[in-house]
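Visitor: Give me a 3D structure for the following:
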Amino acid sequence: MGRLTGKRIFITGAAQGIGLAIARGCLAENASVYLIDRDEALLSTVGNELRSMGANLGYRVADITDATAIEQAVADASSKIGPINALINNAGVNVFSEPLQTSDEDWDRCFDINLKGAWNCCKAVLPGMTEQGHGAILNIASTHAFTIIPHTFPYPLAKHALLGMTKALGLEYAARGVRVNAIAPGYVATQKAIDYWNSFPDPVAAETETMKLHPGGRIATPEEIALAAVFMISDECPFMNATCLTIDGGLSVQQHPA
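Guide: Numbers count the residues shown, from 1 in each chain. Predicted coordinates for the structure are as follows:
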C-alpha cells in the first residue's frame, strides 16, 4: 500500500475496462486520480462510487480528440487534485477493416482517437511536468504496435505510431525528469473483446479460438494490466524510459499456436 503516494494521475478512458481497473489500482496505492471519459453516465456512476469509498479524485466528461477540452480538463484536474505528475493514455478504439475497404472516415477516426488524442493529452501535461522537474507518462499501446493481424487495418498503424511517439517523447524529455513508456496488452477481457467476438457469425466459436491462441488457454483480465500500469507509473522503475512492456501471456512470442 502507498506505492503511489504523491502521484496525481490523469487517466483517459477511465469509466470502464482497462482504464477503470487502472484507476482502482492507482487509488489502492494511495494516488490521487482524475478521470476523463466520453460516456457521461458511466463516468458519473464510477466517480460517485469511488468517492463514496473515500477516494481522492476528480472527473470530467471530455473527448481526447478535442485539444481545448483536454487543456481545460488538465487545468480542472490541477485545481482539484494538484498539479498532474502522471498521465495514463488509455482511451482508444478498435477500427478493423481490410486496407482497400477502409473509408476516409474510419481512417480519421482511428488516428484521431488512438494517436492524436494521446498526443493532445501529452501536450497538455508536459509543460507542468517539466516545470516540476519530474513526471511519468504511460501509453496503453497493444501487441498490434509490433505485430500485424490481417483484416485489422488501420489499427496497427496507429498503434505502431503510438509506440514511436512513446520513444520519441521519452528521449526528448528524459533530461527534464519525465519518463515516457508504454504497455502492450494482448487480448483482454473487456467489452472491446466481446464486441470483436460478436462481429463474427459465431461469437462463441470466435471466443474459443481466441483462447486457444494463448499458451495458457486464457486472456488477460483488466486487473492484470492494471498491476503493470501501477508499477510503471511508480518510482519503482526510475530508469525505465522510452520502452514498452508486453503483457499478452506469450501470444506474440510463439510462431504458430499449439
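Visitor: from here on, contacts and neighbour counts on C-alpha atoms
Guide: Fine.
Visitor: Identify the residues contacting the helix-or-strand element of the chain with minimal mean pLDDT?
Guide: Every helix and strand in the chain was compared by mean pLDDT, DSSP states H and E; the lowest is helix 191-198, with a mean of 89. Helix 191-198 has contacts (Cα atoms under 8 Å, 6 or more residues apart in numbering) with 17, 94, 187, 203-204, 206-207.
Visitor: Residue 69: what's it in contact with?
Guide: Here residue 69 is in contact with 62-63 (Cα under 8 Å, 6+ apart).
Visitor: now this structure, which segments are flagged as low pLDDT?
Guide: 257-258 (pLDDT under 70).
Visitor: what about the helices in it?
Guide: 17-28, 40-52, 67-81, 104-111, 117-132, 155-173, 191-198, 203-213, 222-233 (DSSP state H).
Visitor: which stretch among the ones you listed comes nearest residue 138?
Guide: helix 222-233 (6.8 Å; Cα to Cα).
Visitor: Which strands or helices does that closest one pack on?
Guide: Counting contacts by 3 or more Cα pairs under 8 Å, 6 or more residues apart in numbering; DSSP states H and E, helix 222-233 is packed against helix 17-28, strand 135-140, strand 178-185.
Visitor: Output these in JSON lines; the columns should cover mean neighbour count and distance to residue 116.
Guide: Below are the helices and strands packed on helix 222-233 laid out as JSON lines (neighbours: other Cα atoms under 10 Å; distance: least, Cα to Cα, whole Å):
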{"stretch": "helix 17-28", "mean neighbour count": "23", "distance to residue 116": "18"}
{"stretch": "strand 135-140", "mean neighbour count": "26", "distance to residue 116": "12"}
{"stretch": "strand 178-185", "mean neighbour count": "25", "distance to residue 116": "16"}
